[in-house]
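Trainee: the following comprises the amino acid sequence and a computationally predicted model.
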There are 2 protein chains.
Amino acid sequence: MTVLSSVLSVDGSRLNASISRLAKVGKLPNGDICRLAFTPEDLQARYLVQQWMVDAGMTVRTDAAGNLIGRYAGTVEGAPALATGSHIDTVPSGGCYDGVLGVLAGIEVVRTLRENELRLKHPLEVIVFTDEESSMIGSQATAGTVLLKEPQRYQPKVGRPIADCLEEIGGSWADIPSAQRTRKTLAAFVELHVEQGAILERTRTQIGVVQGVVGMLRKIITITGQANHAGTTPMNMRQDALVAAAQVILAVKRIAHTMPSQPVATVGYLTVEPNAVNIVPGRVELSVDMRELSQSCLDTMMAQLQQELETIAADTDTHIEIAPVLCVEPTLAAEAVQQTIQSVCEQLNLTYRYMPSRAGHDSLEIGRITDMGMIFVPSQAGLSHSGAEYTSPEQCTQGANVLLNTLIRLDAAYSC
Amino acid sequence: MTVLSSVLSVDGSRLNASISRLAKVGKLPNGDICRLAFTPEDLQARYLVQQWMVDAGMTVRTDAAGNLIGRYAGTVEGAPALATGSHIDTVPSGGCYDGVLGVLAGIEVVRTLRENELRLKHPLEVIVFTDEESSMIGSQATAGTVLLKEPQRYQPKVGRPIADCLEEIGGSWADIPSAQRTRKTLAAFVELHVEQGAILERTRTQIGVVQGVVGMLRKIITITGQANHAGTTPMNMRQDALVAAAQVILAVKRIAHTMPSQPVATVGYLTVEPNAVNIVPGRVELSVDMRELSQSCLDTMMAQLQQELETIAADTDTHIEIAPVLCVEPTLAAEAVQQTIQSVCEQLNLTYRYMPSRAGHDSLEIGRITDMGMIFVPSQAGLSHSGAEYTSPEQCTQGANVLLNTLIRLDAAYSC
């Protein structure tokens, strides 16, 4: 058996039937899907996917982080694997496609290879990463970025320590280091995912060639002024924390707008104290979330914000503190993988555009240890994390075909 | 007995002893005073004050609104009363002076007249108005502005309908109209009160000659945008309700600043939905509170705000609704009373400045039916509605002396 250089196609109706079948697991009466990691629904979905992997001719194992790994053997002994995959856990009110498409398209790729009696030179792995929607423990363990000092690290959505959760799905906190992979065992990783944004739809583009997964800086800003009588305190004697917060919100937006790379920056959370109609606000807490593909751009944005905060504090006679919450470095997609995806799109006559992923994905972690690429397909109206999430069967099939042919080309391009 | 044209003085130590005695009623362990209207503490304070009124030679009655009215007879039969007074109820964490000073200074004025064997031509009334801190039912009934269509009107702080509350203090909802006064029975009303702001202290002024009690426009503004993913929604596709709210907050401040009469305008209350760090805000509700002595200025400010809201809604692709909450018309102090207070200050060698009252007072209502004036004394650091509220004994005495001599001059000025 050898690899075809002509174009292969997946069985779109089989792929979409799998997506529909998995969507029954955890479906709520309102149509949303609730399949939190480590819950019975997650286990039920894992069982189903594992069976599909076996049926497709893969050997299956679960690593210490609970990652479910199906492996379709290659023809060259000892070659590092090519891998694809994503996740099958959802947010509390999720949809049918987020994560699932990447896993089931990976299995469909293997089914297609097998029924064409094809094997790649490299082993082909389809990986279901554990708990992408919350802890990202699966992809972090694979990348070796889990902090082992935190055995009691908590999974807030299921309300238990992650160490306990792992035991229930066949993993083991103590053995987490054994889940780590390197370039020596993983030559490249390609993830197919729904965009979860509206750019492809609005630009009528079929495929997104992902340039990388953005980094994230998240801070909590606390503004302390002086609560006071809204009648008897003249405007020029006020230390109004909410007026200061309003200036911060507009500064955050302005900073994002002035960057040529079109980053995003959001104040999504804000609380006021004492929050009464007749009292000048004394204290405001708000969040800032900045996302960008370039770490230096993120650093520049944050430095600009800090300068603005000093001006705002002086201008409003308030005290402003900024505390770090989260700092995730961006991961760039490998040039070679991006170019391969582009070539496949051209071959398949699919329109494409280069774009960053501004949502987090397992690829963010896997890209730290090996060549990574991502393929996006459109999300209707940009909706995600909702039962209304929708990508058409045709779009799902197009994504799977790009994934299939990209893996075939990478198999040829990467040495064993 | 005739009225002296020379200067009389109250007994400052007696006045301040009364203030200290009343401060024991409802005192909390932390030093704050909680003497909500209609509670046992309110009744206990009423009993004490009633006794002091009787001891000072007044006849006492309670009207249908529960107003406690002490009356020191005048020399001219059938003359309308001159009145002073304020309230003795407090906010849940109140201080010793707010309201109390006006009532006890009124009683001290009568004590002083009596021990000097003086009577005015007009009867002199000292009125304790019911529930100034919440419903203002006492002064509203006196002014005839209670809406009788609302028998189930609620007193939120004590958690019962006002009609029920009134029964407990000797009033009667059904008889509320009988509490109404007019210029025929009330020639003028003068209220001594602590400033509850910091203007007198900061300008080192002893007495505030109040020009009137500001009117108030209070609105709730609801901004509807579109909640969305804070990563995958590009800045130019957002309908961010909090960015719109930030512009509203700054517009409210700017509008107040541009008015030459120095009104105040406050956004004190604001809530965000869904209020999560990683979601673009979809909905914000906020309050606007504007206070000014001139109704036309208030109307201008609100018209300007409404224009700005249209611009902001268009600019941020959001929908903005504005709903009325409260509309209280301003009440101007009578010129004659203001000038009399000024003359007395000059006679007593007290520094004074004209100023609006930007807090609400019983005078706001009483000024709708007869000539009204207010005398302010300084509040330390502008603090009020707090156990830390403080006005020195000397300042209290100065205020009471201005009240005494103002009433004596008004007695001469007003015909019987």
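Mentor: Structure's in. What do you need?
Trainee: only C-alpha atoms for contact and neighbour calcs from this point on.
Mentor: Fine.
Trainee: which parts of the stretch 301-416 of chain A are strands?
Mentor: A:319-328, A:331-332, A:352-357, A:371-377 (DSSP state E, counting those that start in this stretch).
Trainee: could I get these in JSON lines, plus columns for mean neighbour count and mean pLDDT?
Mentor: Listed next are those as JSON lines, based on neighbours: other CA atoms under 10 Å in any protein chain shown; pLDDT from 0 to 100:
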{"stretch": "strand A:319-328", "mean neighbour count": "15", "mean pLDDT": "92"}
{"stretch": "strand A:331-332", "mean neighbour count": "22", "mean pLDDT": "97"}
{"stretch": "strand A:352-357", "mean neighbour count": "20", "mean pLDDT": "97"}
{"stretch": "strand A:371-377", "mean neighbour count": "27", "mean pLDDT": "98"}
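Trainee: go through these and name the closest to B:Val128.
Mentor: strand A:319-328 (42.2 Å; CA to CA).
Trainee: lowest-pLDDT helix or strand in chain A?
Mentor: Ranking every helix and strand in chain A by mean pLDDT, DSSP states H and E puts strand A:154-155 at the bottom, with a mean of 74.
Trainee: what lies in contact with that one?
Mentor: Outside of strand A:154-155, the residues within contact range by CA atoms under 8 Å, 6 or more residues apart in numbering or on different chains are A:134-135, A:160-162.
Trainee: among these, which ones are buried?
Mentor: A:134-135, A:162 (16 or more other CA atoms under 10 Å in any protein chain shown).
Trainee: closest one of these to chain B?
Mentor: Ranked by distance to chain B (CA to the nearest CA), the buried ones among the contacts of strand A:154-155 are led by A:Ser134 at 12.8 Å.
Trainee: buried ones in stretch A:389-399, by neighbour count?
Mentor: By neighbour count on 16+ other CA under 10 Å, the buried set for stretch A:389-399 is A:389-391, A:395-399.
Trainee: kindly report the same for stretch A:355-370.
Mentor: Residues of stretch A:355-370 classed as buried by neighbour count (16+ other CA under 10 Å): A:355-370.
Trainee: the residues you listed: which two are farthest apart?
Mentor: Largest separation among the buried residues of stretch A:355-370 by CA to CA: A:Met355 and A:Ile369, giving 21.5 Å.
Trainee: ok so, going back, of the buried ones among the contacts of strand A:154-155, which is the nearest to A:Ser415?
Mentor: Nearest member of these to A:Ser415, counting by CA to CA, is A:Ser135, at 33.9 Å.
Trainee: thinking again about what came up before, out of the buried ones among the contacts of strand A:154-155, who's nearest B:Met259?
Mentor: For those, the nearest to B:Met259 is A:Ser134 (51.2 Å; CA to CA).
Trainee: who touches the closest one in this structure?
Mentor: A:Ser134 sits in contact with A:155, A:157, where contact means CA under 8 Å, 6+ apart.
Trainee: confirm it sits in a helix?
Mentor: No - applying DSSP: H, G, I helix; E, B strand; the rest coil, one finds A:Ser134 to be coil, outside a helix.
Trainee: give me phi/psi at it?
Mentor: Backbone torsions of A:Ser134, given as degrees, to the nearest 10, read phi -130, psi -80.
Trainee: then A:Gly367?
Mentor: phi -70, psi -10.
Trainee: before we move on, the earlier item: so which of the strands of the stretch 301-416 of chain A gets nearest B:Pro234?
Mentor: For the strands of the stretch 301-416 of chain A, proximity to B:Pro234 was assessed by CA to CA; strand A:352-357 is nearest, at 11.1 Å.
Trainee: that closest one pairs with which strands, parallel or anti?
Mentor: Applying DSSP bridges, strand A:352-357 is found paired with strand A:207-213 (parallel).
Trainee: beyond the partner strand, next helix or strand please.
Mentor: Note on strand A:207-213: by DSSP states H and E, the next helix or strand toward the C-terminus is strand A:215-224.
Trainee: show me what that next one is packed against.
Mentor: Contact partners of strand A:215-224 among helices and strands, from 3 or more CA pairs under 8 Å, 6 or more residues apart in numbering or on different chains; DSSP states H and E: helix A:241-258, strand A:283-292, helix A:295-316, strand A:319-328.
Trainee: what lies in contact with the third one?
Mentor: Same thing as helix A:295-316. A:215-217, A:238-241, A:243-244, A:247-248, A:251-252, A:255-256, A:259, A:290-292, A:319-320, A:329-330.
Trainee: can you rerun that using 6 Å?
Mentor: Defining contact as CA atoms under 6 Å, 6 or more residues apart in numbering or on different chains, one finds that helix A:295-316 is touched by A:239, A:244, A:319.
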